[in-house]
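S.K.: pasting the sequence and the predicted coordinates here, then a few questions.
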Amino acid sequence: MKTLPFIFAFCFAMFVNNISAQVVDMEPMPQPTAQPSKSRVYESEESMADGTNNALIVELEVTNEKLVERVWKDYMKGYGGKTKGAKGGKENLTTGAEIVGINGVTPVNVYSRTTVNVDGYVELLTWFDLGEEYLASDRRSQYQEAENLLLKFAHEVKVEGTKNELEDASRKLKSFENEMDKLKRQNKGYHKDIEEAEKRIATAKENIVKNEEQQADSTQKIDLQQQLLEEIKRRLDELKKN
């Protein structure tokens, strides 16, 4: 009999262990962290009109290359730069850009080209021509200035992209409102058709009543005329006998 307490204690311990394991299994899984912004700047050796040189690449949060190119031209105008197609390559070339933090008081030329990454977002490749070399991260302060310039540009692109989204949404809303106005006019026309039809039905019902009354009157006339006809035939027959 002494083994019973031991067995009871062993079973109780197993029960507690099972409950503890279930509690551990029920603990919530760690949630994924928020996705970082898609706009970031990194450098890479890339081919361009002047050979293969170090490029600063900014990832953007839009999918429209033409939008990016347009905003870049306007953005460079703010630095006094003029942008047009570069000779001997697929890039655009901005000349005369005055970016003090990158090249002091000497204007800098900037090559640029758009591409689309595997996620479908546009990237802008830029080459800052310092004369004897192209800007790279070993020029820390100048690189930081260019990085800030590109991130600010990325914000401008996102603003313009959002404006385009707003315009598209506004156009769609206007289209939906015009469609609603058309449907309302159609609905009003259908109600008018029903009203006119109901008036015609009411008139037709009145005409049916009148017609039935006229038929009754006509039937009476026919009966009387039939009686008169029979009477005339009877008299004619009598006359013939005499």
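M.R.: Nice, I can see it.
S.K.: so residue 135 sits right up against residue 128, yeah?
M.R.: Yes: judged on C-beta atoms under 8 Å, residue 135 makes contact with residue 128 at a distance of 3.8 Å. C-beta: built from backbone N, CA, C; applies to glycine.
S.K.: what touches both of these two?
M.R.: 56, 102, 142, 146 (C-beta atoms under 8 Å, 6 or more residues apart in numbering).
S.K.: quick check: ChimeraX command selecting the buried ones in these.
M.R.: This is how ChimeraX selects the buried members of these, with burial counted by 16 or more other C-beta atoms under 10 Å:
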select :56,102,142,146
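S.K.: of residue 135 and residue 128, who's got more company?
M.R.: For residue 135 versus residue 128, neighbours defined as other C-beta atoms under 10 Å are more numerous around residue 128 (28 against 24).
S.K.: show me the shaky parts of this protein.
M.R.: Applying pLDDT under 70 to the chain picks out residues 1-38.
S.K.: how about the strands of it, start to end?
M.R.: For the chain, the strands defined by DSSP state E cover 41-48, 51-59, 82-85, 92-97, 108-116, 122-129.
S.K.: packing partners for the fourth one?
M.R.: Under the contact definition 3 or more C-beta pairs under 8 Å, 6 or more residues apart in numbering; DSSP states H and E, strand 92-97 sits against helix 65-77, strand 82-85, strand 108-116.
S.K.: rerun that using 7 Å as the cut-off
M.R.: With contacts defined as 3 or more C-beta pairs under 7 Å, 6 or more residues apart in numbering; DSSP states H and E, strand 92-97 has these neighbours: strand 82-85, strand 108-116.
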